[in-house]
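Chemist: Sequence first, then the predicted structure, then my questions.
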Amino acid sequence: MLSYRPTVAPGSSGRLAVLQRHLSAVPLSGQVTSTVYPTNFCYTLDNNFLTREQRQFYEENGFLVIKNLVSADDIERFRKEFERLCKKEITVPGLLIMRDIAISKSEYVPDQKAITKLQDFQEDPELFRYCSLPQIVKYVECFTGPNIMAMHTMLINKPPDAGKKSSRHPMHQDLHYFPFRPSDHIVCAWTAMERIDRSNGCLVVIPGTHKGTLKQHDYPEWEGGVNKMYHGIRDFDLSIPRVHLVMEKGDTVFFHPLLIHGSGMNKTAGFRKAISCHYASADCHYIDVKGTTQENIETEVVELAKKRYGLSGLTLKDTWMVRGRLINGERTNL
Ligand SMILES: CCCCCCCCCCCCCCCCC(=O)SCCNC(=O)CCNC(=O)[C@H](O)C(C)(C)COP(=O)(O)OP(=O)(O)OC[C@H]1O[C@@H](n2cnc3c(N)ncnc32)[C@H](O)[C@@H]1OP(=O)(O)O
Ligand SMILES: Nc1ncnc2c1ncn2[C@@H]1O[C@H](COP(=O)(O)OP(=O)(O)OP(=O)(O)O)[C@@H](O)[C@H]1O
Ligand SMILES: O=C(O)CCC(=O)C(=O)O
Ligand SMILES: [Fe+2]
Ligand SMILES: [Mg+2]
């Protein structure tokens, strides 16, 4: 499994150069002069799908919410599949099932609802359908270009907080987990599977932080404990204003992997559900994270892979190479 090689030989630095040229969005001669063409868009591609307002919003803020993008029927199907997986009616290779730290450390015997997160559902055709929904992929292409990889999949089932605030997700940047670049060609799609607001722990973002750099991440020092791998930005300044994204069922947010975000406590009795996929341009390249701030997460992920699959000597890159799946175009580098 780990001897995977891309089916198309890399050597595609030319493609990336083309993509980068697209990113600078320089006006072409001969275009309609009544339109003012942007000269400084660098986080979105010029493929005429996003409106000018949508592009401008993402450029400035690092996220974009699209209302009602996923149908109630599809969400119902994802919900049903989630239940089958929780009940272990089916098993899926590679699927990671995670329970909340508060539940895992208590005497209480959890039922299947006590699952906080399913991760890596790329081998489950029903859930993976989410990643290929054409209306999502159309948006994704505006950030990644045409060669699209689904790198990371999650169904988050934020449990009612057990009283220790462990249902929170600390403020972080997803790029911390990713050993591939450039970051501008990576995007997360995150769809609310029901109404999500401050009562059940909505996404919380700090607009504009995608323009910054990757920060040092560690486990936050929370009294009630922190879930495995829920790293947060070290010494994060909580006085910086946060924006709470209240979303209705089917609404989808696309966000940049440097955008600082987290999610709040679930104060309701229900399990708050969202489904997400991180996409990257297949033209991105892997980096070695040794000696960088990402070394700590590499150590943890590699330890987990060793524990689960008995494989030693892996790198963070190896664990992503085997999880990535092509969605559109050619698998060039990743
Ligand atoms: C091919 C390689 C695949 C490797 C995959 C690695 C995942 C990489 C993550 C990338 C994320 C990138 C995207 C950014 C998004 C940000 C995030 O969401 S980061 C957080 C997501 N990460 C995860 O969900 C992965 C971590 N999960 C796990 O490692 C496991 O689910 C587990 C927490 C270890 C539970 O394993 P399991 O064996 O099923 O459980 P138990 O046998 O009951 O417990 C073993 C041991 O672990 C303790 N424990 C259980 N739950 C938790 C928890 N939520 N937090 C902390 N610790 C937990 C449990 O108490 C046991 O401990 P003990 O001391 O041995 O008793
Ligand atoms: N006092 C705090 N200590 C540590 N982290 C915090 C604190 N307050 C907020 N955070 C971080 O910010 C995230 C969002 O929290 P925020 O307070 O903005 O939302 P919330 O708790 O869902 O909403 P509300 O404050 O309305 O209950 C939390 O998950 C956590 O990561
Ligand atoms: O709480 C959520 O649904 C999102 C958490 C998150 O940001 C993540 O898993 O990367
Ligand atoms: Fe995240
Ligand atoms: Mg709060």
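Modeler: Right, received. Where do you want to start? Ligands and ions are numbered 1, 2, ... in the order given.
Chemist: His172 - nearest residue in space that isn't next to it in sequence?
Modeler: In space, and not counting its chain neighbours, His172 is closest to Gly232: 5.3 Å by CB to CB, 6 or more residues apart in numbering. The way it works is simple: take the backbone N, C-alpha and C, and place the C-beta from them, glycine included.
Chemist: Near the one you found, how many other residues are there?
Modeler: Neighbour count of Gly232, defined by other CB atoms under 10 Å: 23.
Chemist: quick one: contacts for it?
Modeler: Contact analysis of Gly232 by CB atoms under 8 Å, 6 or more residues apart in numbering lists Pro170, Met171, His172, His217, Asp218, Tyr219, Pro220, Val226, Gly262.
Chemist: Show me what it is bridged to.
Modeler: Asp218 (DSSP bridges).
Chemist: Extract the residue ranges of the stretch 1-150 of the chain that are flagged as low pLDDT.
Modeler: 1-39, 103-113 (pLDDT under 70).
Chemist: switch the cut-off to 80
Modeler: Scanning the stretch 1-150 of the chain for pLDDT under 80 picks out the ranges 1-39, 100-114.
Chemist: all helices of it, in order?
Modeler: Under the criterion DSSP state H, counting those that start in this stretch, the stretch 1-150 of the chain contains helices at 13-24, 52-61, 72-86, 101-104, 125-132, 134-144.
Chemist: Ligand 1: which of those is closest?
Modeler: Counting by CB to the nearest ligand atom, ligand 1 lies closest to helix 101-104 out of these; the figure is 3.5 Å.
Chemist: hang on, the earlier thing: with Arg325 as the reference, name the closest of the helices of the stretch 1-150 of the chain.
Modeler: helix 125-132 (7.5 Å; CB to CB).
Chemist: which residues make contact with that closest one from outside it?
Modeler: So helix 125-132 is contacted by 70, 74, 77-78, 81-82, 85, 118, 121-122, 136, 150, 153, 155, 191, 275, 277, 279, 325, 327 (CB under 8 Å, 6+ apart).
Chemist: can you count the residues close to the residue in the stretch 151-300 of the chain that ligand 3 sits nearest to?
Modeler: Nearest to ligand 3, among the residues of the stretch 151-300 of the chain, is Ser263, at 3.3 Å (CB to the nearest ligand atom). Ser263: 24 surrounding residues under other CB under 10 Å.
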